[in-house]
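Novice: pasting the structure only:
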């Protein structure tokens, strides 16, 4: 299984964990909710679904829209297929969620993993975020070294393109720093209270201290430009 097909299978299992869906609805969710899959087509999705069915992680059901009773198909028209996650599929997805190896830090896989952080334990989220930050810091160091070696040989436009790439990585590192700080703050808030009462389990999938839209952002003195 290629890395790209593995990412797609992971995302499909994650979406179907929320609720059963038609293939069309799945593709729409992949395109709109998970931007990394905007280029995927039915020609890519349906072989993936067939593989997941063959592995016993999905089942196919004939019927109408979600939560509707199955209806007899009209003459000459195929019934819509609804895909539903099996118990084995749920177990497999949870196993994938717990993985924190190098693949979790790569660009496309990280985006898919992050989309399902709400279903991921806090400890795993922290390891994935810290791994992604470490990977980007290594990339940034290499970009700076390369720019220092070749600066004099580059024309203005190529130089500006490289600077733009560096600034993009720097912005993501700052974003990751904020997320990691928020995760740590959320964990601290759930430590046992002084009266001995138990607080929420720090391994739950809740987002804890994750900043919400509308929160006042903390100014970053190193960022001299508006983003």
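Specialist: Looks like it came in fine. Everything numeric in this text was worked out from a predicted model, so none of it was measured. Numbers count the residues shown, from 1 in each chain.
Novice: element containing the nearest residue to residue 163 once chain neighbours are set aside?
Specialist: Spatial nearest neighbour of residue 163, chain neighbours left out: residue 147 (7.7 Å); criterion: C-beta to C-beta, 6 or more residues apart in numbering. Placement of C-beta: from N, CA and C, glycine included. Under the criterion DSSP states H and E, the helix or strand holding residue 147 is helix 122-150.
Novice: the helix or strand that comes right after that helix vs helix 122-150, what angle?
Specialist: As assigned by DSSP H and E, the chain's next helix or strand after helix 122-150 is helix 156-189. Between helix 156-189 and helix 122-150, the angle comes out at 160 degrees (axes from the mean of the first three to the mean of the last three C-alpha atoms, to 10 degrees).
Novice: list the helices and strands helix 156-189 packs on?
Specialist: helix 122-150 (3 or more C-beta pairs under 8 Å, 6 or more residues apart in numbering; DSSP states H and E).
Novice: what's the helix it packs on packed up against?
Specialist: helix 107-115, helix 156-189.
Novice: turn the ones you listed into JSON lines, columns for mean pLDDT.
Specialist: As requested, the helices and strands packed on helix 122-150 are exported to JSON lines (pLDDT from 0 to 100):
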{"stretch": "helix 107-115", "mean pLDDT": "88"}
{"stretch": "helix 156-189", "mean pLDDT": "91"}
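Novice: ok, residues contacting stretch 152-160?
Specialist: The contact list for stretch 152-160 (C-beta atoms under 8 Å, 6 or more residues apart in numbering) reads 147, 151, 162.
Novice: now list the buried members of those.
Specialist: Buried subset of the contacts of stretch 152-160 (neighbour count, 16 or more other C-beta atoms under 10 Å): residue 162.
Novice: got a markdown table for the contacts of stretch 152-160, with distance to residue 104 too?
Specialist: A markdown table is the format used below for the contacts of stretch 152-160 (distance: C-beta to C-beta, whole Å):
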| residue | distance to residue 104 |
| --- | --- |
| 147 | 28 |
| 151 | 34 |
| 162 | 27 |
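Novice: residue 96 reaches residue 17, doesn't it?
Specialist: No: the criterion here is C-beta atoms under 8 Å, and residue 96 misses it with residue 17 at 10.8 Å.
Novice: which one among the contacts of stretch 152-160 gets closest to residue 106?
Specialist: residue 162 (21.5 Å; C-beta to C-beta).
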